[in-house]
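Participant: got a sequence here, can you build the structure:
(chains A and B)
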There are 2 protein chains.
Amino acid sequence: MNPIRIAVDAMGGDNGHKVVVRGAIKAAKANPVKIILVGHEKKLANALRKHKYDGDAIEIYNATEEISMNDSPKTSIEAKPDASIVVAARLVGEGKADSFVSAGSTGSVVLSAARNIPRISDVRRTAIATVYPTMNELKRDDILSLILDVGANIHCSAEEMAQFAIMGSAYVSDVRGTPNPKVALLNIGEEATKGGEKMQEAYRMLKNMPTINFIGNIEGKDILRGIVDVIVTEGFVGNIVIKTLEGAANTVGRLGKLAFKSRISWKLGLIMLRKGMAFIKEATDYSEYGGAPLLGFEKMVIIAHGRSNAKAISNAIKLAGKCVRDDVCGEIAKNIHTFEREPEREYERMKSERYPSQN
Amino acid sequence: MNPIRIAVDAMGGDNGHKVVVRGAIKAAKANPVKIILVGHEKKLANALRKHKYDGDAIEIYNATEEISMNDSPKTSIEAKPDASIVVAARLVGEGKADSFVSAGSTGSVVLSAARNIPRISDVRRTAIATVYPTMNELKRDDILSLILDVGANIHCSAEEMAQFAIMGSAYVSDVRGTPNPKVALLNIGEEATKGGEKMQEAYRMLKNMPTINFIGNIEGKDILRGIVDVIVTEGFVGNIVIKTLEGAANTVGRLGKLAFKSRISWKLGLIMLRKGMAFIKEATDYSEYGGAPLLGFEKMVIIAHGRSNAKAISNAIKLAGKCVRDDVCGEIAKNIHTFEREPEREYERMKSERYPSQN
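Facilitator: Purely as a prediction, here's the structure:
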């Protein structure tokens, strides 16, 4: 059997290509994958030369251009067809790689994937999912839950949210090994009537899906409790929520500078807790968990955090490898097709096309 | 001069009328206000009898019915015209009280206000504002910022968000004494182009408002930094954000039970920090700050937290008194009228009515 091939955008991320190279070497040592480093040939060869690694496990694919974190995704992807991020996506589209990892700007990753990798048929919108740590009230083996979409889209329809539930469920059950994952809609109240017409419709739709273990709406205060495995929301809300949590973690880490200045016992407490605080901070940084999967394409795309260090890059590559091995995309496709092609869905769709709901 | 009259829904809240009565007595002692306790005459008289208080400062107004936290606001307000919450709102509408305070369910407060108190003319939608503690990077006298709307509405238009900015600004500058408060839109990125058409329109509108100190978009991670005085958002998002923060504060308080179990130093740190943790938890509970103002009516309505203790009720009454004294509603009306009646606005409105944007 041929090894799984992961294309890695070597020029993406805040920390430069040397960190990506180190991450790739780390990943190659630990995992039976073939890594294709995409970027400036000479720079990459120079960086690789400084390390010991298995020459069969890592190769370089030349890409002469780069897209920075601040470039407009749309403009730069069109202006730079030979940018590392675009070339990496193209390798996947052309079947020369099985998955692609980038620590570049989220917008550029999403757009270069959209331009080069086919969407799964019947998938209406792709979604960025991210795991985050919880109080694990479900007593799972790990403390992580998944939330999607956190920014591939701004707004979307009830049906699109139902599809997010299918994709998130398939991902969590495959990659995290959680059977029959619990799914919830993020809303402003628990009742089925909350949140306006679109949320009500999404609720009804999810309630009627036999393959989804839908437990209903949850509120913002429940996100960190870990009472569900998958939280479904629109990109606008998901993005703000995940960044709010990031900000809250930062704030906890900085509390020592605030009101506590004068209290010796609190100061001591903070010093003792410093490692715990660092944990909280790290825990919200998805680089620790190998990055955020972009769900809905025929091949898996992993968005690593812009601030990724070598370990985070290595984890992202490892995650990509696992997704290919477990055929997460195939599983998503199967579940989406089952949903979209059941007779009631066909009827629902006809009806909703005839009487479109207000979003 | 006649004293300011505050109608207090004595039967609202999770802790029963006795707690409200104690809160009212506390408030009457500290503030030159007249308190009208609205609720079961006998129960209130019995509760009052157990305390020493100035008989001129507190009176009872009989209301024979109650609406509980779990009742549907719409149904129960119609079915119970003599409910304490409805009667308290009616006293304000009839000019027999200057403001009204309730720790009842948010939905019932909003609805009974809407049925009984006129909206300020030109105000399109009322909004619930709440203050929350921040890292105070602006170095204000207090560490609080205001966010609105957090749940009077689900979604709203760009113009309605612009009005929220005006109302929030007026409130913060009057009540908190912050001159020229900094205002931001909560969005998924800082650039003016982020968040879709409606957010772009709100951005443009706010940018062009001479009376608003608009600093642009902020992201979720900036909410707790305290880099603005007023955050404007739609009710759906604001509600989820504020509850997410509440959940994060709870989680911090419960961290000791998690991964830290085995580490003695972390355990000790947590014990030392317990008071600090309690502070964080309290800090997100708006009862500490006298409740959340419901902005946009001709008279001020204060929504106290359902879990309010006597101190929180007292703070809410105090806040209501301050709002009346400072004529916050008059200030909001003036600023809304200035905005809505300037020539460019008239033109904008005509244009937007002709070419309605997609929300």
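Participant: please enumerate the helices of chain A.
Facilitator: Using DSSP state H, the helices of chain A run over A:17-30, A:41-49, A:73-79, A:84-93, A:106-116, A:158-175, A:197-207, A:235-254, A:264-272, A:274-283, A:310-325, A:328-340, A:343-354.
Participant: what about the stretch 201-350 of chain A, any weak spots by pLDDT?
Facilitator: Applying pLDDT under 70 to the stretch 201-350 of chain A flags residues A:252-289, A:343-350.
Participant: so what touches stretch A:211-221?
Facilitator: With contact meaning Cβ atoms under 8 Å, 6 or more residues apart in numbering or on different chains, stretch A:211-221 is reached by A:165-166, A:169, A:180-192, A:194-195, A:199, A:203, A:206-207, A:227-228, A:231, A:241, A:335, A:338-339, B:239-247, B:250. The C-beta positions use only the backbone N, C-alpha and C, and glycine is treated the same way.
Participant: now stretch A:27-39
Facilitator: By Cβ under 8 Å, 6+ apart, stretch A:27-39 touches A:3-11, A:17, A:20-21, A:24, A:44, A:48, A:53-54, A:56-63, A:66, A:84, A:87-88, A:91, A:96-97, A:313-315, A:317-318, A:320-321.
Participant: which among those end up buried?
Facilitator: A:4-11, A:17, A:20-21, A:24, A:44, A:48, A:53, A:57-58, A:60-61, A:63, A:66, A:84, A:87-88, A:91, A:97, A:313-315, A:317-318, A:320-321 (16 or more other Cβ atoms under 10 Å in any protein chain shown).
Participant: how about residue A:320: what's its closest non-neighbour residue?
Facilitator: Residue nearest to residue A:320 in three dimensions, not counting chain neighbours: residue A:99, with 4.1 Å by Cβ to Cβ, 6 or more residues apart in numbering or on different chains.
Participant: list the contacts for the spatially most central residue of chain A?
Facilitator: Centroid-nearest residue in chain A, with Cα atoms, centre = their mean: residue A:292, separated by 2.1 Å. Taking Cβ under 8 Å, 6+ apart, we find residue A:292 in contact with A:128-131, A:150, A:286, A:302-303.
Participant: just give me the closest of the residues you listed to chain B.
Facilitator: Of all the contacts of residue A:292, residue A:150 has the smallest distance to chain B: 9.3 Å, by Cβ to the nearest Cβ.
Participant: what's around that closest one, how many residues?
Facilitator: Look at residue A:150: counted by other Cβ atoms under 10 Å in any protein chain shown, it has 29 neighbours.
Participant: I'd guessed residue A:308 sits against residue A:15; true?
Facilitator: Yes - here residue A:308 lies in contact with residue A:15, judged by Cβ atoms under 8 Å, at a distance of 6.8 Å.
Participant: who touches both of these two?
Facilitator: Counting by Cβ under 8 Å, 6+ apart, the residues touching both residue A:308 and residue A:15 are residue A:103.
Participant: which one of those two has more residues nearby?
Facilitator: residue A:308 (29 against 18).
Participant: related to what we said a few turns ago, just the buried residues of the contacts of stretch A:211-221.
Facilitator: Buried subset of those (neighbour count, 16+ other Cβ under 10 Å): A:165-166, A:169, A:181-189, A:194-195, A:199, A:203, A:206, A:227-228, A:231, A:241, A:335, A:339, B:239-247, B:250.
Participant: give me the nearest residue to residue A:83, chain neighbours excluded.
Facilitator: Leaving aside its chain neighbours, residue A:83 sits nearest to residue A:65 (4.2 Å; criterion: Cβ to Cβ, 6+ apart).
Participant: go on, residue A:105?
Facilitator: The spatially closest residue to residue A:105, leaving aside those adjacent along the chain, is residue A:69, at 4.8 Å (Cβ to Cβ, 6+ apart).
Participant: got a pLDDT number for the one you found?
Facilitator: Per-residue pLDDT puts residue A:69 at 84.
Participant: can you tell me how far it sits from chain B?
Facilitator: Distance, residue A:69 to chain B, using Cβ to the nearest Cβ, to the nearest Å: 12 Å.
Participant: how near is that residue to residue A:103?
Facilitator: Going from residue A:69 to residue A:103 by Cβ to Cβ, to the nearest Å gives 9 Å.
Participant: who has more neighbours out of these two?
Facilitator: Legend: neighbour count by other Cβ under 10 Å for residue A:69 and residue A:103, higher for residue A:103 (31 against 14).
Participant: before we move on, the earlier item: of all the helices of chain A, which lies closest to residue A:298?
Facilitator: Checking the helices of chain A against residue A:298 by Cβ to Cβ gives helix A:328-340 as the closest, at 5.8 Å.
Participant: hmm, who's touching the closest one?
Facilitator: A:120-123, A:162-163, A:166-167, A:169-171, A:173-175, A:209, A:211, A:293, A:295-300, A:323, A:345, A:349.
Participant: buried subset of the residues you listed?
Facilitator: Among these, those classed as buried by 16+ other Cβ under 10 Å are A:120, A:123, A:162-163, A:166-167, A:169-171, A:173-175, A:209, A:293, A:295-300, A:323, A:345.
Participant: what's stretch A:85-93 in contact with?
Facilitator: Here stretch A:85-93 makes contact (Cβ under 8 Å, 6+ apart) with A:7-9, A:11-12, A:36, A:38, A:61, A:63, A:67, A:77, A:80, A:97-102, A:104, A:108-109, A:112-113, A:115-118, A:299, A:301.
Participant: of the residues you listed, which belong to strands?
Facilitator: Secondary structure assignment by DSSP state E places A:7-9, A:36, A:38, A:61, A:99-102, A:301 of the contacts of stretch A:85-93 in strands.
Participant: contact residues of the stretch 51-200 of chain A facing chain B?
Facilitator: A:135-136, A:143, A:151, A:154-155, A:186-188, A:195-196 (Cβ under 8 Å from any Cβ of the partner chain).
Participant: for residue A:301, what are its contacts?
Facilitator: Here residue A:301 is in contact with A:89, A:92, A:99-102, A:109, A:113, A:117, A:293-294 (criterion: Cβ under 8 Å, 6+ apart).
Participant: repeat that for residue A:126.
Facilitator: Neighbouring residues of residue A:126 by Cβ under 8 Å, 6+ apart: A:110, A:113-114, A:119, A:152, A:294-297.
Participant: recalculate using a threshold of 6 Å.
Facilitator: Shown in contact with residue A:126 (Cβ atoms under 6 Å, 6 or more residues apart in numbering or on different chains): A:152, A:294, A:296.
Participant: of these, just say which sits nearest to chain B.
Facilitator: residue A:152 (11.1 Å).
Participant: may I see the buried residues of stretch A:33-40?
Facilitator: Applying 16+ other Cβ under 10 Å to stretch A:33-40 flags A:33-40 as buried.
Participant: and residue A:173, what is it in contact with?
Facilitator: Residues counted as contacts of residue A:173 (Cβ under 6 Å, 6+ apart) are residue A:181.
Participant: the nearest residue to residue A:144 once chain neighbours are set aside pairs with what?
Facilitator: Among residues not flanking residue A:144 along the chain, residue A:131 sits closest, at 4.2 Å (Cβ to Cβ, 6+ apart). Residue A:131 has these beta-bridge partners by DSSP bridges: residue A:146.
Participant: ok, residue A:131 - how many residues close by?
Facilitator: Burial of residue A:131 is recorded as 24 neighbouring residues (other Cβ under 10 Å).
Participant: quick check: it vs residue B:102, distance?
Facilitator: 40 Å.
Participant: likewise residue A:39?
Facilitator: Residue A:39 is 62 Å from residue B:102, by Cβ to Cβ.
Participant: try residue A:177
Facilitator: Counting by Cβ to Cβ, the gap from residue A:177 to residue B:102 is 49 Å.
Participant: for residue A:195, same thing?
Facilitator: Residue A:195 is 24 Å from residue B:102, by Cβ to Cβ.
Participant: can you check residue A:291 too?
Facilitator: Plainly put, residue A:291 is 47 Å away from residue B:102 if you go by Cβ to Cβ.
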